[in-house]
Each structure stands twice: as C-alpha cells, then as structure tokens.
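> The following comprises the amino acid sequence and a computationally predicted model.
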Amino acid sequence: KFLQIQTSLHETICGRRVKATIATHDISTMKLPLKYHSMPPDELNIIPLGRGKSFTGSELYETLKSEAERYRLQKKRSNISGIHKYLDLLEGLDNYVCLSDASDAVLSLPPLTNADKSKLSIESKNVLLEVTGDDNLNVCKEIMDVLITKMLIDCSLGNEVDDGHSKLVVEQVRVVNETDKDLRVVYPSRNDLVVQNITVIRH
C-alpha cells in the first residue's frame, strides 16, 4: 500500500515527477552524511533497483530509452509505463542530480530510480524519506507532510502505543550548503507537519 501511495503522489501532487520525486531508503545501508549534488552523466555510477549491475548515468538513460522504444513497437502504442515515462525529464541535460552517501555511493537518481544498495526490505527499521525537486521548496515540504501523514494513517506504519494509537518517530534533517556550510533548510521545522487529527510532539 505504501508503494501505491508513493505512485499516487508522483502522479498528482508531484506533477508526474516534474515538481518533485519521492524515494525511500534503508538508513542502515548507507554512510552518513549524505550529499545532494549534480554530476555529468558519464561520471555518475549507480546500481539501479532490480538491475543487478552498475550503469553510468548515460548508459542507464540509453538502456531505458531502448527499452521504451521496444515496448512501443511490441505493444503498438505510444504510451509507456514505469520509470520509462520520465526519461524526457533528463533529455539534453549536461548534469544529472543525485543523492550520494559519504562513501560516494549513489543512492538515487531522480526522477528515474533509487539504487539497489539502499532498497527497503521487511527487515528495514529506520527509513530515510527523500523528496527532491528543483522547483519549489515549499512544494517539497508539502509533499513530505502528506507522505508522512499517509504512512501513519493509511499504512499504519507507526508503533502502537498503550492507548491504541500509532506513534511514528520523525527525526529532523538539516540541509547545509557544502561550500560555506550555511544552513539551507530544516525539516520538520515548527511550521511543518501541522496536520488535523494527528498530535505532533516536538522535542
């Protein structure tokens, strides 16, 4: 159900990944701190979800483009599904944005895919929610609010407490500029996660 919610948000509030892209990661698989940056496609290496081998950004783009074309020919239709329908968002770009950990392992390549390295499993206990976009910070925060709310209410992913309610612990993330170390954003701040029917206890 969580994947259905993620897909639904991508098609609606995320504007088909034009405004923002959602990704989820198992924190235990990565080395902190994380870095959100851009790289030339030929210098970026990622092992995408379900692929089993490493691709450069350029190789992945061309592979997905070829798959999409084969699909169109086989199905005799112009519409494609899955991550292939977001390829046009990378067309012609000199650099691709990505999220990397402290070991320089690429964890996600929005708007296309996550890395296999940080994928969630049934053993995952601590999850990093990633909402990235180059359009509007407030939109990204709004999407994160909705995502966390739906995790708690629709997916019952919180821990049940004595009164029968669910509790979800959200740790604050700080984003700083790598060059001058200036603080760019904190989430959640006191102005975030103001949601009806949910009690937020801030520490």
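That came in fine, so what should we check first?
> For the helix or strand hosting A23, list the C-alpha coordinates in CSV.
Assigned by DSSP states H and E, A23 belongs to strand 21-26. Extracted in CSV, the C-alpha atoms of strand 21-26 (Å, rounded to 0.1, in the frame of the first residue of the first chain):
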residue,chain,number,x,y,z
THR,A,21,10.4,13.0,-6.8
ILE,A,22,9.9,10.7,-3.8
ALA,A,23,12.3,8.0,-2.8
THR,A,24,12.7,5.7,0.2
HIS,A,25,15.9,4.2,1.7
ASP,A,26,17.1,1.9,4.4
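> Now do it: everything it contacts.
2, 6, 9-10, 14, 99, 107-108, 110-111, 114, 118-121, 124, 126-133, 143, 147 (Cβ atoms under 8 Å, 6 or more residues apart in numbering). (Each C-beta comes from the backbone N, C-alpha and C, glycine too.)
> which residues sit against stretch 41-58?
Contact partners of stretch 41-58, identified using Cβ under 8 Å, 6+ apart, comprise 39-40, 60-61, 63, 93, 95-96, 98, 106, 109, 112-117, 119.
> ok, now how distant is the residue most central in space within the chain from L3?
Centroid-nearest residue in the chain: A23, 1.9 Å away (criterion: Cα atoms, centre = their mean). Applying Cβ to Cβ, to the nearest Å, one obtains 12 Å for the distance of A23 from L3.
> Break down the chain into its helices, ranges please.
2-11, 57-75, 137-153 (DSSP state H).
> Export only the CA atoms of the first one, formatted as PDB.
Once side chains and other backbone atoms are set aside, the C-alpha atoms of helix 2-11 remain, and they are given as PDB (Å, rounded to 0.1, in the frame of the first residue of the first chain):
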ATOM      1  CA  PHE A   2       2.900   2.300   0.700                       C
ATOM      2  CA  LEU A   3       4.100   1.900  -2.900                       C
ATOM      3  CA  GLN A   4       0.600   2.700  -4.100                       C
ATOM      4  CA  ILE A   5       0.600   5.900  -2.100                       C
ATOM      5  CA  GLN A   6       4.000   6.900  -3.500                       C
ATOM      6  CA  THR A   7       2.900   6.200  -7.100                       C
ATOM      7  CA  SER A   8      -0.300   8.200  -6.500                       C
ATOM      8  CA  LEU A   9       1.600  11.200  -5.100                       C
ATOM      9  CA  HIS A  10       4.000  11.100  -8.100                       C
ATOM     10  CA  GLU A  11       1.100  11.300 -10.500                       C
END
